[in-house]
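Novice: Here is a sequence with its predicted model. Questions after.
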Amino acid sequence: MRTRALAPSLLIPALLLAGCSIANPTSSEVSLQYGAGPFDSRKFVECETARDVSDVNDDHYYYPSGQRDFTFGDGEGLDAAALTSTTQDSQEIKVTGTVKFTLNTDCAQFTDPTGKVWPGGKLQMFHELIAYKYEAAPTDGGEQMEEGWSELLRNYVGAALDRATDNEALKYPWQKLYTDTAAKAQWEKDVLEQLPDILRSLTQGVDLITINSVLLQKPGIQAALVQGLTEKQAAELRGQAVEVDKQAAASFPGGIVAYQQYQQQQAVNQAIKDGKVQVLPVPQGSPVIVSPTK
């Protein structure tokens with residue numbers, strides 16, 4: 001704990017206000033202490049990673065120190081709705097998945113690209129330039145992040161991800177991303193490589209948030225494309241079946257005519273087996289009469 005000396009004239013009032021505030025971050029948190037109250041200017045004091053007793057009016061803001069998820073897609077309980085991107089052939093796809101990230105909780109003093117010195121490091125910069133405006137951080141240890149945290153993630157991680165997926169989706173036709181696992185894996189890899197640079201462009205060129213991994217699900221496509229793909233696959237299967245028939249007929253004893261007769265007989269046999277036709281018994285030597293069932 002850092003203490004701040006008070007002028008003698010203020011000592012008696014201070015004693016009357018004697019008390020303390022306690023910072024108590026968990027093992028997965030870092031807290032920022034800020035001076036407050038009637039005798040202090042509003043300024044950063046220190047980073048805290050363990051229990052610390054502070055002046056009674058000081059404030060503490062708690063941030064996660066471990067890996068976190070940014071989830072986006074359909075349904076409730078996610079950080080953001082599904083994204084949309086346009087492919088090389090001008091088709092819109094739905095993008096869902098998860099980004100794993102780590103907040104940069106480095107508290108070592110540094111100077112940012114504008115020349116401003118941050119005694120509390122990149123975490124102080126993140127808090128004062130971004131998170132404080134969203135009221136994202138709880139002021140007690142071990143609590144869930146405030147509602148503003150999700151909005152913050154959408155406006156930074158989500159916005160950067162939207163740009164990256166848009167840029168990379170333009171390199172592929174929709175069917176590649178939908179049916180080609182290698183192409184989808186490359187798209188996912190390219191988004192991961194591009195995402196940190198885009199994110200830094202939103203944070204004054206400083207890596208305040210580290211991207212660890214990107215997992216993109218199979219993209220969603222429009223219903224008309226799904227129907228078209230189904231019809232195309234069916235046509236391909238029909239074409240393959242015709243080709244097989246041609247090859248079988250060419251090698252069948254007796255040639256194509258014999259093969260067609262054989263196929264017809266096989267169809268009749270199957271119809272009888274399925275009960276679709278009725279076979280009437282006839283005297284030996286008479287032709288067999290086959291009539292359809294009613």
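Specialist: Perfect, I can see it now.

Novice: alpha carbons only for contacts and neighbour counts from here, please
Specialist: OK.

Novice: Low-confidence bits of the stretch 101-250 of the chain, can you list those?
Specialist: For the stretch 101-250 of the chain, the stretches flagged by pLDDT under 70 are 223-250.

Novice: What segments of it are strands?
Specialist: In the stretch 101-250 of the chain, the strands defined using DSSP state E, counting those that start in this stretch lie at 110-111, 117-118, 209-216.

Novice: Highest mean neighbour count out of those?
Specialist: For those, the largest average neighbour count (mean count of other C-alpha atoms under 10 Å) is found in strand 209-216, namely a mean of 18.

Novice: Tell me the helices and strands packed up against that one.
Specialist: Using 3 or more C-alpha pairs under 8 Å, 6 or more residues apart in numbering; DSSP states H and E as the contact criterion, the elements in contact with strand 209-216 are strand 97-103, helix 181-201.

Novice: Touching stretch 105-113 from outside, list them.
Specialist: Taking contacts as C-alpha atoms under 8 Å, 6 or more residues apart in numbering, the residues outside stretch 105-113 that touch it are 30, 47, 63, 65, 117-124, 204-206.

Novice: what about residue 261, how many neighbours?
Specialist: Other residues near residue 261 come to 11 when the count uses other C-alpha atoms under 10 Å.

Novice: ok but it is inside a strand, no?
Specialist: No - residue assignment for residue 261, taken from DSSP: H, G, I helix; E, B strand; the rest coil, gives helix, which places it outside any strand.

Novice: Model confidence score at it, please.
Specialist: In the prediction, the pLDDT value recorded for residue 261 is 70.

Novice: buried subset of the contacts of stretch 105-113?
Specialist: If you count burial by 16 or more other C-alpha atoms under 10 Å, the buried members of these come out as 30, 47, 63, 65, 118, 119, 120, 121, 122, 123, 124, 206.

Novice: The third one against residue 29, yeah?
Specialist: Yes - with contact defined as C-alpha atoms under 8 Å, residue 63 counts as touching residue 29 (5.5 Å).

Novice: just to revisit the earlier point, let me have the helices and strands packed on strand 209-216 in JSON lines, extended by distance to residue 164 and mean neighbour count.
Specialist: Output for the helices and strands packed on strand 209-216, formatted as JSON lines (distance: least, C-alpha to C-alpha, whole Å; neighbours: other C-alpha atoms under 10 Å):
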{"stretch": "strand 97-103", "distance to residue 164": "12", "mean neighbour count": "17"}
{"stretch": "helix 181-201", "distance to residue 164": "5", "mean neighbour count": "18"}
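
Novice: Format those as TSV; extra columns: distance to residue 109.
Specialist: Conversion of those to TSV gives the following (distance: least, C-alpha to C-alpha, whole Å):
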stretch	distance to residue 109
strand 97-103	17
helix 181-201	19
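
Novice: Where does residue 33 sit: helix, strand or coil?
Specialist: With three-state DSSP as the criterion, residue 33 was assigned strand.

Novice: How about residue 27?
Specialist: Going by three-state DSSP: residue 27 is coil.

Novice: In contact with it, which residues are there?
Specialist: Applying C-alpha under 8 Å, 6+ apart, the residues contacting residue 27 are residue 49.

Novice: do the same with the one 3 residues further on
Specialist: For residue 30, the contacting residues are 47, 48, 49, 62, 63, 64, 65, 105, by C-alpha under 8 Å, 6+ apart.
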